[in-house]
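# kindly return the folded structure for what I paste below:
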Amino acid sequence: MLKIAIRTIIPAAVFLLAASPTLLAQEKGFNHGDALLIHFYYSGHVPAGDMADRFGGSFMPGAGIDYQTDKGNLILGAEFGYLFGGTVKEDVLAPIRTPEGYIIGEQGGYSDIQLRERGIYLGGHVGKLFPVSEKNHRSGIRVTLGAGVLQHKIRVQDDPSQKAPQLADDYKKGYDRLSNGLALRQFIGYQHLGNEGRINFYAGLDLVQGFTQNRRSYNFDAFAQDTAKRTDLLIGIRIGWTLPFYIGRDPSEIYY
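Numbering: from 1, shown residues only. Below you'll find the model as predicted:
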């Protein structure tokens, strides 16, 4: 009986000692320690202010990087977004159209020129995460305030089969309304960093306020320079996927 007990108890004790780091990690959770968060996001916006006079709805895929502290869940980060849309409300090519609304190409036929919205946002932000559950202190309400640069323009898209000489090379710059300036950006939503590190995402309200100005020296269609100050607003929803890297973790606290 004693031999059977020894043969049973000793292997069990060895197993428990060997498994203790894993059990500790499961109890404490994978997502502790300061974190480096890499984000990939996609947002959709409705324009307001001066932006609504020129463009329709738009989309902005992008990426960012955050440093989030373990104590206090403070956030410091930077991000980049590429702005694009298919609706342009200003017909900047009206002066070179025929009475029927067409543009004559270099071969004498009609040139199908398309107008599109293009732009970028580049900036940094600070913020904080407010946990909503004691079981996971890295998930909850995420609030960030940012500042950077917003730039947008009207892309004059050529017809590859019937190019228009009126829009060759630098002539496009006289029609594209390139504008940029200081921008503010705010986000409020929910961020989830899973205890096991497998499911990590965020989603919420995305707001951008751009204080921009036309940077071209002359607008060909208006026969004048545009010096007006603009207030460009974007209101939308952002959804992102997060890849977390935790800093300062005990090497023994690893999932197997």
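
# what's the domain layout of this protein?
1-29, 31-247 (automatic domain parsing).

# what's the most buried one of the ones you listed?
Comparing the domains of the chain by mean neighbour count (mean count of other C-beta atoms under 10 Å), domain 31-247 comes out on top with a mean of 17. To be clear about C-beta, it is placed using only N, CA and C from the backbone, and glycine gets the same treatment.

# show the end-to-end separation of that domain, please.
Criterion C-alpha to C-alpha, to the nearest Å; first-to-last residue distance in domain 31-247 is 10 Å.

# now do stretch 66-75
Terminal-residue distance, stretch 66-75 (C-alpha to C-alpha): 6 Å.

# ok, residues contacting it?
32-37, 39, 76-77, 125-131, 137-138, 140, 142, 144, 248 (C-beta atoms under 8 Å, 6 or more residues apart in numbering).

# ok, now stretch 78-92?
39, 41, 43, 53-65, 97, 115-125, 146, 152, 154, 156, 175-177, 219, 221.

# out of those, list just those in strands.
39, 41, 43, 58-65, 115-125, 146, 152, 154, 156 (DSSP state E).

# sheet partners, orientation included, of the host helix or strand of residue 75?
Secondary structure from DSSP states H and E places residue 75 in strand 74-85. According to DSSP bridges, strand 74-85 forms sheet pairs with strand 58-68 (antiparallel), strand 114-133 (antiparallel).

# contacting residues around the residue nearest to the spatial centre of the chain?
Computing the C-alpha centroid of the chain and ranking residues by C-alpha atoms, centre = their mean puts residue 62 first, at 3.6 Å. Residue 62 makes contact with 40-43, 79-82, 121 under the criterion C-beta under 8 Å, 6+ apart.

# repeat for residue 173
Residue 173 neighbours (C-beta under 8 Å, 6+ apart): residue 216.

# lovely, talk soon.
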